[in-house]
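All I have is the shape, not the residue letters:
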């Protein structure tokens, strides 16, 4: 899970791990049938409000350029709202078969899509000829969309989570930005100082609804050295570290009141508050800052990132995830080839599409956020992309240096992640709304429900 995909204007490459002309992309002309007249629908275009419409303008320009190079292909884009994969809406589209031909999905969605029988096997269509930089995509990113050796989606975005910090509130509270909190204990102490500023400011803000609470619970369990599901995938395993996570948040709510009184926050709620200057810290991926700016009218200059905190020291691990595009079951070979060609053009070629930093900078858009983290370190794709990004960066990269230069071990999201997150939302919402919340009982109930979910897949 992550925030929506912001493509050309928002999802930028990671300097530590991660312009070609249209004519230079020879893979495009090889991947789409030269004589097949075909139309494909693609969902999740930028919103009209993103960057004052500049995001959608660039997206439409990319579509026009692609269609000029592929005159027999028509790309029609379909908006699915500000959160490209709101889980209930995504499930409803799958069940009704109403998703786009090429449709956005999280790394955690593969099982659900396959169970619904809604994805084409695209293995034979994706290779170094049709997607020239395919070998430069991290194997772990590809594997999230692979089942029994078959590829069902093309990944374009990957992220890891860290601590996102409001620079202005940090300074107002007398905190040192050069020494961001490295542990949950330090986060709690800093949050108390920030909350003391008053004016409805939460020193630290947390999700607890819409599956986002369970998502953050998972990340925080990982940071303390635990896992949500056992290594064999057969049982829940979050009880020990989960107790620490929930007690910590309960104390921040009802002892320090440093997380604010308004709870049951979902994805847009927290980011809306952050854009309004009411959130001192939260955990998230770099693209959440993009959402704060693009969708909720905040400012890039207000934000910095640090590594994920841990228990009494640096995090043991952080959660990683990402996004890709599936191909709807029943597409013709010509449609699949056209979809692969479009995604190669827009999502996986350094110097163009989401990586067209020259165009972004010329439009006054930000270049320099440490995402997406999709390229193999040292690969041609990573080197080329890193070079282009550095040449065009217009953000203060020092704001992200702690996050970039202190990488944390990455753990993937658990199996059946969205269903598990929905269960764990209950734990998060209870400790943030109930003074007498019984943490052991909450976890016992959640474990039982998660075990039942996992048993269905045995």
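Ah, there it is. The model shown is predicted, which means the values in this text are computed figures rather than measured ones.

and residue 158, how many residues sit next to it?
Neighbouring residues of residue 158 were enumerated by other Cβ atoms under 10 Å; the total is 28. Any C-beta I mention is one placed from the backbone N, CA and C, and that applies to glycine too.

whoops, residue 176 was the one
Other residues within reach of residue 176 by the criterion other Cβ under 10 Å amount to 9.

residue boundaries of the strands in the stretch 151-300 of the chain?
Assigned strands in the stretch 151-300 of the chain, in chain order: 153-160, 162-166, 281-284 (criterion: DSSP state E, counting those that start in this stretch).

Turn those into JSON lines, columns for distance to residue 232 and mean pLDDT.
Formatted as JSON lines, the strands of the stretch 151-300 of the chain follow (distance: least, Cβ to Cβ, whole Å; pLDDT from 0 to 100):
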{"stretch": "strand 153-160", "distance to residue 232": "25", "mean pLDDT": "94"}
{"stretch": "strand 162-166", "distance to residue 232": "29", "mean pLDDT": "98"}
{"stretch": "strand 281-284", "distance to residue 232": "28", "mean pLDDT": "98"}
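
Residue 367 is nearest to which of these?
Among the strands of the stretch 151-300 of the chain, the nearest to residue 367 by Cβ to Cβ is strand 153-160 (16.3 Å).

Now tabulate the strands of the stretch 151-300 of the chain in CSV and tack on distance to residue 382.
Written out in CSV, the entries for these read as follows (distance: least, Cβ to Cβ, whole Å):
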stretch, distance to residue 382
strand 153-160, 13
strand 162-166, 20
strand 281-284, 24
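
State the distance from residue 445 to residue 254.
Distance of residue 445 to residue 254, given as Cβ to Cβ, to the nearest Å: 20 Å.

on that earlier part again, mind checking the strands of the stretch 151-300 of the chain for the one nearest to residue 139?
It is, among the strands of the stretch 151-300 of the chain and with distance given as Cβ to Cβ, strand 153-160, at 10.7 Å.

Neighbouring strands of the closest one in the sheet, and parallel or not?
strand 318-327 (antiparallel) (DSSP bridges).

Now do the strand it pairs with and strand 162-166, the angle between them.
Put simply, strand 318-327 runs at 100 degrees to strand 162-166, going by axes from the mean of the first three to the mean of the last three Cα atoms, to 10 degrees.

following strand 318-327, which helix or strand shows up next?
Once the chain leaves strand 318-327, the next helix or strand it forms, by DSSP states H and E, is helix 333-347.

What residues of that following helix count as buried?
For helix 333-347, the buried set under the neighbour-count rule, 16 or more other Cβ atoms under 10 Å, comprises 334-347.

and the two most separated of those residues?
In those, the most distant members under the criterion Cβ to Cβ are 334 and 347, with 20.0 Å between them.

which regions of the chain lie under the pLDDT threshold?
Within the chain, the stretches with pLDDT under 70 are 1-35, 82-83, 458.

can you list the domains in it?
Domain assignment for the chain by automatic domain parsing gives 7-158+322-401, 162-284+416-455.

Tabulate those in CSV, adding columns for distance to residue 300.
Supplementary listing: these in CSV, determined by distance: least, Cβ to Cβ, whole Å:
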stretch, distance to residue 300
domain 7-158+322-401, 5
domain 162-284+416-455, 10
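
still on that earlier bit, for the strands of the stretch 151-300 of the chain, which one sits closest to residue 143?
Of all the strands of the stretch 151-300 of the chain, strand 153-160 sits nearest to residue 143, with 9.5 Å by Cβ to Cβ.

angle of that closest one against helix 333-347?
For strand 153-160 against helix 333-347, the angle by the same axes, to 10 degrees is 30 degrees.

still on that earlier bit, so which of the domains of the chain gets nearest residue 307?
domain 162-284+416-455 (5.3 Å).

any chance you could map the helices in the stretch 1-150 of the chain?
7-10, 26-31, 54-69, 87-96, 110-115, 139-143 (DSSP state H, counting those that start in this stretch).

Adding mean neighbour count and distance to residue 157, write the ones you listed out as a markdown table.
Putting those into a markdown table (neighbours: other Cβ atoms under 10 Å; distance: least, Cβ to Cβ, whole Å) gives the following:
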| stretch | mean neighbour count | distance to residue 157 |
| --- | --- | --- |
| helix 7-10 | 26 | 9 |
| helix 26-31 | 18 | 20 |
| helix 54-69 | 18 | 15 |
| helix 87-96 | 15 | 16 |
| helix 110-115 | 17 | 15 |
| helix 139-143 | 16 | 9 |
